[in-house]
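>>> Coordinates for the following, if possible.
(one chain, ligands or ions: 2)
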Amino acid sequence: MPETNSDAGWRFDNSYARLPEPLFAAATPATVRAPRLVVLNRRLAEDLGLNPGQLAESPAIFAGNELPPGAEPLAQAYAGHQFGHFTTLGDGRAILLGEQLSPAGGRFDIQLKGAGRTRYSRGGDGRAALGPMLREHIISEAMHALGVPTTRSLAVALSGEVVMRTTPLPGAVLTRVATSHIRVGTFQYARGLGDEGVLRALLEHAIARHDPDLADLAEPALAFFEAVVARQAALVARWMLVGFVHGVMNTDNMAVSGETIDYGPCAFLDAYDPATVFSSIDQQGRYAYANQPGIAHWNLARLAESLLPLVPGEGEAVLDKVREVLGTFPERFERELLSGGRAKLGLVGEEPGDAELFAGLLAAMRTARADFTRTFAALTALAEAAAAKPRASGEKPAGPADGASADEADPFATGPLAEWLPAWRERLARQPAGPAAAAAGMRRVNPVVIPRNHRVEEALDAAEGGDLAPFERLLAVLRQPFEETAANVPYRAGPPADFGPYTTFCGT
Ligand code: AMP
Ligand code: MG
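Ligands and ions are numbered 1, 2, ... in the order given. Sure thing, here's the model as predicted:
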């Protein structure tokens, strides 16, 4: 086992680097002119067994100018269906430094994104700009605080160099932390090599990292596939339940770990519209909010195809086994969605009408173009009011529990949401658990703050101009998304009327 290599706490054991060579290529981070740390995630550093004080003095490590002890830098090879078209890819601007062993027994990839060209860069410069890297930092950390499985961001460092996009931009490097960077596309690539030994080595590696319980099965490929199907069903349901649109669900951007990966053109819904697309390049709406479960299912079919040679049996029998597992995705997703939907509505226990009740609210929200996050926050406030003040039947419902909840007009006051409300009240009234339990449960799952598009843009604009204060304030608020605090009052509201339709661009 590796030793603790320095007082910064780096403790690498690089299992991916021991896989067969075609799966990766050695890579060296580019040396940049003037490394400067913009943000360091101290809590995450501590969880990884790293010393934040030491790290704060090591901008060279986070810009790629110095390697942490024990690093074996490499770029991973992968393929992917991008908007449905198969391509061979690989880390074109990301370099895996190694795997950090955490004090709690975890193993985490430490990867520099924007660290220069690799064998897989094709025409790209291997670099990243500050804005998109800060965007990934904010949104991935917000997702984590919302309880959605995700890659993390340990740091963002300026390179002191300019990257050329449509305009010259400040260059930056993000340090991404993930339980692995193995993608559906990694399996597609391994399958494409036509070497069953390499494919099997990748499968064993992925199982060791994500499903060690399956390692002892005689034929684990199908069980691994099932585990990935289950994780993706749970993940995409979590996205839907917080109004997240990933935006670029290519198979190379879907991790077998079940963590959200690749924060490019992603964004959160303001007004609820299932057809929402933010990405400038997604003109057909392939990756629209409502299409996400279907796309996940499609991507999992590509994983299934890649694993076929490792599933024991012959011909149709193998296909049938794999199809059966793949076919469980829609019902798994619906189950996850309904269970999360019940929690959002404060429902304890199960009634046959619950799915309809949840769908009814979403339909009403769509008609009213209600704000996704504020609707559930307002419903939580109604539940809390009901818990605080039990009403005699026929009495007028109480308003929000305190002034802080009433950021804007109560969306349930009139219109389609008001019409939906009695069915929810009746359902809650039948619950033996009582209104206080419902309200407390809702408070734990319905955020009052999300990374609102207008707030993210405002923070990034200021940061690009050298003022990090809005970025830091937003980040602090997003770390505690479920509580109404004085600090988050200005961050709860939807976009200003003049914000207009929001468009995102791939984070290149
Ligand atoms: P993405 O859209 O971020 O998922 O990237 C798709 C592919 O393009 C991946 O293989 C990336 O590594 C690669 N890529 C993205 N930006 C760059 C860049 N600036 N230089 C080289 N490769 C890149
Ligand atoms: Mg990608």
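>>> What are the structural domain limits within this protein?
The record assigns the chain these domain ranges, following automatic domain parsing: 6-181, 185-327, 338-445, 453-497.
>>> Please see if stretch 251-266 touches ligand 2.
Yes - interface with ligand 2: stretch 251-266 contributes 253, 262 (CB under 5 Å from the ion). For the C-beta atoms, the positions are set from N, CA and C on the backbone; glycine is no exception.
>>> in that stretch, what's buried?
Using 16 or more other CB atoms under 10 Å as the test for burial, stretch 251-266 gives 251-266.
>>> and it, how far apart are its ends?
Using CA to CA, to the nearest Å, one end of stretch 251-266 lies 16 Å from the other.
>>> And for stretch 208-219?
14 Å.
>>> Could you give the average pLDDT over it?
The average pLDDT within stretch 208-219 is 95.
>>> ditto for stretch 425-441
The pLDDT scores in stretch 425-441 average 95.
>>> List of residues touching that stretch?
Contacts to stretch 425-441, defined as CB atoms under 8 Å, 6 or more residues apart in numbering, come from residues 343, 345-349, 351, 353-354, 357, 380, 383-384, 386-387, 390, 397.
>>> For residue 346, give me its contacts.
Counted by CB under 8 Å, 6+ apart, residue 346 has contacts 379, 380, 383, 428, 437, 438, 439, 441, 442.
>>> returning to that earlier point: residue 506 is nearest to which of the domains of the chain?
domain 185-327 (4.6 Å; CB to CB).
>>> The contacts of stretch 425-441 also near ligand 2: which ones?
With CB under 5 Å from the ion as the criterion, the contacts of stretch 425-441 include none near ligand 2.
>>> Can I have the buried ones of these as a PyMOL selection?
The following PyMOL line selects those of the contacts of stretch 425-441 that are buried, judged by 16+ other CB under 10 Å:
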select buried, resi 343+345+346+347+354+357+380+383+384+386+387
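>>> hang on, residue 162 in a strand?
Yes - Residue 162 sits within a strand when classified using DSSP: H, G, I helix; E, B strand; the rest coil.
>>> quick one: it and residue 171 touch, right?
Yes - with contact defined as CB atoms under 8 Å, residue 162 reaches residue 171; the gap is 6.3 Å.
>>> Neighbour count: those two, which is higher?
residue 171 (24 against 14; other CB atoms under 10 Å).
>>> can you tell me which helix or strand that one belongs to?
strand 168-178 (DSSP states H and E).
>>> Pairing partners for that strand, with directions?
strand 107-113 (antiparallel), strand 128-129 (antiparallel), strand 152-164 (antiparallel) (DSSP bridges).
>>> Tell me the confidence at the closest residue to residue 290 other than its chain neighbours?
Leaving aside its sequence neighbours, residue 290 sits nearest to residue 274 (CB to CB, 6 or more residues apart in numbering; 3.5 Å). Note on residue 274: pLDDT of 98.
>>> burial count for residue 274?
Using other CB under 10 Å, residue 274 has 15 neighbouring residues.
>>> re the thing from before, so which of the buried residues of stretch 251-266 are in strands?
Using DSSP state E, the subset of these located in strands is empty.
>>> Those: which ones sit near ligand 1?
Contacts with ligand 1 are made by 252, 253, 262, 264 out of the buried residues of stretch 251-266, judged by CB under 6 Å from any ligand atom.
>>> can you list those in TSV and add pLDDT and distance to residue 270?
Formatted as TSV, those follow (pLDDT from 0 to 100; distance: CB to CB, whole Å):
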residue	pLDDT	distance to residue 270
252	98	29
253	98	23
262	97	22
264	93	19
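>>> Which of these sits closest to residue 41?
Using CB to CB, these come closest to residue 41 at residue 262, 18.5 Å.
>>> Setting the sequence-adjacent residues aside, check what's closest to the closest one.
residue 253 (3.9 Å).
>>> Next: residue 302.
That would be residue 251: by CB to CB, 6+ apart, it lies 5.0 Å from residue 302.
>>> ok, now residue 124?
Closest residue to residue 124 apart from its sequence neighbours, by CB to CB, 6+ apart: residue 92 at 4.9 Å.
>>> Could you list the low-confidence segments of this protein?
For the chain, the stretches with pLDDT under 70 are 1-6, 390-408, 507-508.
>>> let's see 50
For the chain, applying pLDDT under 50 flags the ranges 1, 3-5, 394, 398-406.
>>> Tell me the spacing between the residue of the stretch 301-450 of the chain found nearest ligand 1 and ligand 2.
Nearest to ligand 1, among the residues of the stretch 301-450 of the chain, is residue 302, at 15.4 Å (CB to the nearest ligand atom). Applying CB to the ion, to the nearest Å, the value for residue 302 to ligand 2 is 15 Å.
>>> Please look at that residue and residue 78 and confirm they touch.
No - the pair residue 302 / residue 78 is not scored as a contact, 11.9 Å apart, by CB under 8 Å.
>>> quick one: which of those two has more around it?
Legend: neighbour count by other CB under 10 Å for residue 302 and residue 78, higher for residue 78 (25 against 19).
>>> ok now do that one, which residues does it touch?
89, 90, 91, 183, 185, 186, 188, 189, 252.
>>> For it, which non-adjacent residue is closest in space?
Distance criterion CB to CB, 6+ apart; nearest residue to residue 78, sequence neighbours excluded, is residue 185 at 4.0 Å.
>>> That neighbour against residue 249, yeah?
No - with contacts counted by CB under 8 Å, residue 185 stays clear of residue 249, the gap being 11.6 Å.
>>> overlap in contacts of the two?
With CB under 8 Å, 6+ apart, residue 185 and residue 249 have no common neighbours.
>>> From the contacts of residue 78, pick the one nearest ligand 1.
Nearest to ligand 1 among these, counting by CB to the nearest ligand atom, is residue 89 at 3.7 Å.
>>> I'd say that closest one and residue 79 touch.
Yes - the criterion here is CB under 8 Å, and residue 89 meets it with residue 79 at 6.1 Å.
>>> Looking at these two, which has the bigger crowd around it?
Taking other CB under 10 Å, residue 89 and residue 79 do not tie; residue 79 has more neighbours (25 against 21).
>>> Thought residue 86 was touching the more buried one, still the case?
Yes - Residue 79 lies in contact with residue 86 (CB under 8 Å); the separation is 6.7 Å.
>>> Now do the shared contacts for these two.
Common neighbours of residue 79 and residue 86 (CB under 8 Å, 6+ apart) are residue 188.
>>> Would you mind listing what in the protein touches ligand 1?
89-94, 121, 124-127, 248, 252-253, 262, 264, 506, 508.
>>> which of those residues are buried?
The neighbour count (16+ other CB under 10 Å) marks 89-94, 121, 125-127, 248, 252-253, 262, 264 as buried among the residues of the chain next to ligand 1.
>>> Tell me who's in contact with the closest residue in space to residue 220 that isn't next to it in sequence.
Closest residue in space to residue 220, ignoring its immediate chain neighbours: residue 214 at 4.6 Å, by CB to CB, 6+ apart. Applying CB under 8 Å, 6+ apart to residue 214 gives the contacts 207, 220, 223, 224, 227.
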